[in-house]
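**Student:** Mind folding the following:
(2 chains)
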Amino acid sequence: METLEASLEKVFGFNTFRSGQKAALTALESNQDTLAILPTGAGKTLIYQLYGYRHPGCVLIVSPLLSLMNDQVDRMRISGFKRVAAITSQTGYVERQVILEHLNELQFLFLSPEMLAQPQMLARVGQLDLSLLVIDEAHCIVQWGPDFRPEYLLLGAIRTKLNQPLTLMLTATAGKVTRQEISKQLRLQPQVVTESVDRPNIFLDVENVANEAEKQSRLQALVAKLQLPGVIYFSSKQQATDTALWLQQTTGVQAAAYHAGLSGEDRFRIQQQFMTGQLDLICATSAFGMGIDKNDVRFVIHYHLPADLESYAQEIGRAGRDGQPSIAILLYAPGDEQLPLALGQSNRPDEATITRYYAHPQSFAADDPVIHLLDFYRGHGISQAAVTQLFTRREKERNRALANMLAYARERRCLRQVWLQAFDETSPAHSAACCAPGEVALDLDQLELLRQPTSETENAPTDWETRLNRLF
Amino acid sequence: MDPADLLQLLSEQQDRRLRVIENLLRGRRTVSTLYWGLRYDLLPLLNLAKPLDRGALDAPAQLLAQQGLIAGDSAEGVVHLTERGQTAATSTTYYRPITRQNWVNVDLIAARQRLLLAVQVASQYAHSTSRYYPLATDLTTRQAVRRWFHRVKGPDLATNLREALVSSLRQLPAETAAVVTDQFTGYQQPGYTVSQLAQSTNRSAWEIQLMHFDGVAQIALAAQEAQHPLHDLFQPLWAVPVSRSAQQTLQAVEAGGDLARVARVRKVKLSTVREHLLEAAIMLPATEFPYDQVLSETIRQRFAAAVTGPIDSWQYMELPAAMRDELDFFYFRLYAIWRMKRGDSE
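**Tutor:** Numbering: from 1, shown residues only, chains lettered A, B, ... in the order given. Prediction:
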């Protein structure tokens, strides 16, 4: 068999692997289940693409984000892999039939966990010759599983039904607890390949503000000064939309909102506008990011407090992929922890609800997500006591994760240390170039992140015929 | 849909049911919806806003009512424009599509998808790029455009397509031509989203979509010409706006069967045959429906003597009982359609 380097050269035209890629591939080549924890932008997909190229059979990728999956399929087609398909709940009936008819010919198949959990689909996939099972965004087993995507919890059982194929778990962020939980859920003992999550070129900053009004004006002032392009994360679609418009009108920055409520067509245009530099600023929800390759993002601002440091690390990881100075700013007002707390609770049934549900399961409406979740557990034969215990444990974990996030927001000495500690890493010695906790003033000039006045190259307005001509 | 958009779909003279308008937009094709769509002159909007939520018109209607622009029975969702509402509706420069009469005959949603992808593919091809993100769209569209592209690609494609598009868009108002152009995605041009275009033109998102449909229909009309570069791509999207089974029923009736016999032969209920015929009568021009055969001169005369005043005020239940026993509601409805198709809009 040709060397890994020779395959890399042949398929992608690169001479060397990025760190982590080779270690993961080597482990897989020696038939070892592998958990690869590599930072955003490290090229995690290359690992299974190359493995799929080197081995006959089909690589099955389970991925939690529908929009991301179609994106991945497009990317793979662009890189020359043609036998690729994705089936999600959004795949139309006809398309699904066409894919199912040609299932045996596929080299890569992307499925959502819900789709794979369907008995018929599982039976079809069971007949395939699987070279590799990939669990993408494996942290979702822990972070999302019990609250949003119960199907991820079935992956252990599913993997057993599929005769325990060689398995690659991918994630950008996973602390010790998360790693253990992933292994436990999937019932395996993986080799762990990991790189530091630290991104030394991203300056960390927390901005304390007194209240919402002050937060807005601080945001506005930052956007007016900071070097572009940038991303601002929100917990609410409406607030992302409203703020994009407001910042565009008041700061003159070209901004747009991006969230799961947009049509696929509009999401495509916004992404492309951002990639080509037509847009300088995206006001996003967590739907934005995975799968976006933009290297020169200079800042990521969080308007709302994320629920845990792992999501935070994932989202600020979109800054500075080119290695140039960048900044991650968290705007924090006292009481900001109430929103993630409430969002977490609204997805979780309390003990009284669980009791009432188990007494009369039929009298609850399944379109309520909480009830849907309980239906799921009950349908899989999990007892009331076990479910109650599960949610209690889960609540404790979430509260602990939020407490860590809050500790970061309130840290007075070194933000990086708090951040890295959550991933069991030790931080380099603190310096002025490392971070600016809440009470420390931010010097954007010093950080070389101040926006330079650009010569206004106001494009002369062109008529539509000229614009149409340009297309061709 | 904004309140200003809804304002345009209402009338001062006619009470209109919000649910009917909503069902038309969402493509809920019942005979009742189609009939009232015809009465309201809103059939061109059939299917054009499928993702609209149920009850999506209630909030804008409430706002219009608060502003005194509409009145009526809000509990029943039956409303009409007030005098102020009428003034507001006519005084604005709200967009009025020019190709609207053709809309029911072509699948505008599919045509728009095909057009966007075809323009992107041709644009990238013209710039010799093959590595780019294609617009995310459904499989049928992708396959149709792929087949089309392999047939038409060549050194002249870009020029031909550009000239064809320019010639169609020149027939539209300049603003519409610009909005249609700016939705296109292609080489180094991601295109603009509906809300970006709405913002830059100061129009509602729905108006932008109406402009897009106007542009697509204009291009589809030109593409009926066999030499047009998009002819093969668009031709399958033109269709008689009547469901296939209703067409079969209509053919069987035209071939000379009475309705009960057609029902037996086609193995459907008599009521289904009647539904099919009403659908066909609503959707087709008067000349393409066998009124003389189905609605005899005698029946017409009897209705003419029994009903008076505007069509919307006619009530089947107010006909003499003997007449109702003899003539099903079907004939009553068909008579109203016949009168409308003859131009008796009252």
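
**Student:** Stretch B:322-335 spans what distance, first to last residue?
**Tutor:** Between the start and the finish of stretch B:322-335 there is a gap of 18 Å, counting by C-alpha to C-alpha, to the nearest Å.

**Student:** ok, now stretch A:289-303?
**Tutor:** The first and final residues of stretch A:289-303 sit 16 Å from each other (C-alpha to C-alpha).

**Student:** quick check: mean pLDDT across it?
**Tutor:** Average pLDDT, stretch A:289-303: 84.

**Student:** A:Ala441 belongs to a strand, doesn't it?
**Tutor:** No. Membership of A:Ala441 in a strand is not supported by DSSP: H, G, I helix; E, B strand; the rest coil, which gives coil.

**Student:** Show the pLDDT at it.
**Tutor:** 88.

**Student:** Tell me, how many residues neighbour it?
**Tutor:** Residues near A:Ala441, counting by other C-beta atoms under 10 Å in any protein chain shown, number 7. For the C-beta atoms, the positions are set from N, CA and C on the backbone; glycine is no exception.

**Student:** For it, give me its contacts.
**Tutor:** Shown in contact with A:Ala441 (C-beta atoms under 8 Å, 6 or more residues apart in numbering or on different chains): no residues.

**Student:** so how far is A:Ala432 from it?
**Tutor:** Between A:Ala441 and A:Ala432 the distance is 11 Å, computed by C-beta to C-beta, to the nearest Å.

**Student:** For A:Ile282, which three-state class applies?
**Tutor:** For A:Ile282, the assignment made with three-state DSSP gives strand.

**Student:** Now do the contacts for it.
**Tutor:** Neighbours of A:Ile282 in contact, by C-beta under 8 Å, 6+ apart: A:229-232, A:244, A:255-258, A:270, A:274, A:288.

**Student:** Out of these, which sit inside helices?
**Tutor:** In this view, those that belong to helices under DSSP state H are A:244, A:270, A:274.

**Student:** What about chain B: which of these touch it?
**Tutor:** Restricting these to those adjacent to chain B (criterion: C-beta under 8 Å from any C-beta of the partner chain) gives A:Ile270.

**Student:** tell me which of the ones in helices among the contacts of A:Ile282 is nearest to B:Pro241?
**Tutor:** When these are compared for distance to B:Pro241 (C-beta to C-beta), A:Ile270 comes out closest, at 34.8 Å.

**Student:** What's the local residue count around the closest one?
**Tutor:** Here the number of neighbours of A:Ile270 (other C-beta under 10 Å) works out to 26.

**Student:** list the contacts for it?
**Tutor:** Contacts of A:Ile270 (C-beta under 8 Å, 6+ apart): A:256-258, A:262, A:279, A:282, B:193.

**Student:** And it, how close does it get to B:Pro190?
**Tutor:** Using C-beta to C-beta, one obtains 8 Å as the distance from A:Ile270 to B:Pro190.

**Student:** Next: B:Gln8.
**Tutor:** Per C-beta to C-beta, B:Gln8 is found 31 Å from B:Pro190.

**Student:** what's the closest non-adjacent residue to whichever residue of the stretch 151-300 of chain A sits closest to chain B?
**Tutor:** When C-beta to the nearest C-beta is the measure, the stretch 151-300 of chain A has its nearest residue to chain B at A:Gln272, with 3.4 Å between them. Distances taken as C-beta to C-beta, 6 or more residues apart in numbering or on different chains place B:Pro190 nearest to A:Gln272, at 3.4 Å, with adjacent residues excluded.

**Student:** do the same with A:Gly438
**Tutor:** In space, not counting the residues next to it along the chain, A:Gly438 is nearest to A:Asn208; the distance is 4.1 Å by C-beta to C-beta, 6+ apart.

**Student:** Using the record's domain definitions, break the chain down for me.
**Tutor:** This is for chain A. Chain A breaks down into these structural domains: A:4-194, A:198-227+A:298-452 (assignment by automatic domain parsing).

**Student:** Chain B was what I was after
**Tutor:** Taken from automatic domain parsing, chain B resolves into B:3-94, B:102-237, B:242-293, B:295-346.

**Student:** right, and those domains - which one's nearest A:Arg75?
**Tutor:** Nearest to A:Arg75 among these is domain B:102-237; the distance by C-beta to C-beta comes to 8.1 Å.

**Student:** Against chain A, how distant is the spatially most central residue of chain B?
**Tutor:** Against the mean C-alpha coordinate of chain B, by C-alpha atoms, centre = their mean, the closest residue is B:Pro44 at 2.6 Å. If you measure B:Pro44 against chain A using C-beta to the nearest C-beta, to the nearest Å, the figure is 22 Å.

**Student:** State the three-state secondary structure for that residue.
**Tutor:** helix.

**Student:** Verify the contact between it and B:Arg100 for me.
**Tutor:** Yes. Counting by C-beta atoms under 8 Å, B:Pro44 touches B:Arg100, with 4.5 Å between them.

**Student:** what about the stretch 151-300 of chain A, any weak spots by pLDDT?
**Tutor:** In the predicted model of the stretch 151-300 of chain A, residues A:290-292 satisfy pLDDT under 70.

**Student:** Return the residues of it in contact with chain B.
**Tutor:** Neighbours of chain B within the stretch 151-300 of chain A, by C-beta under 8 Å from any C-beta: A:245, A:256, A:262-270, A:272-273, A:275-276, A:278.

**Student:** in the stretch 1-150 of chain B, what residue is nearest chain A?
**Tutor:** Residue of the stretch 1-150 of chain B nearest chain A, by C-beta to the nearest C-beta: B:Leu139 (3.7 Å).
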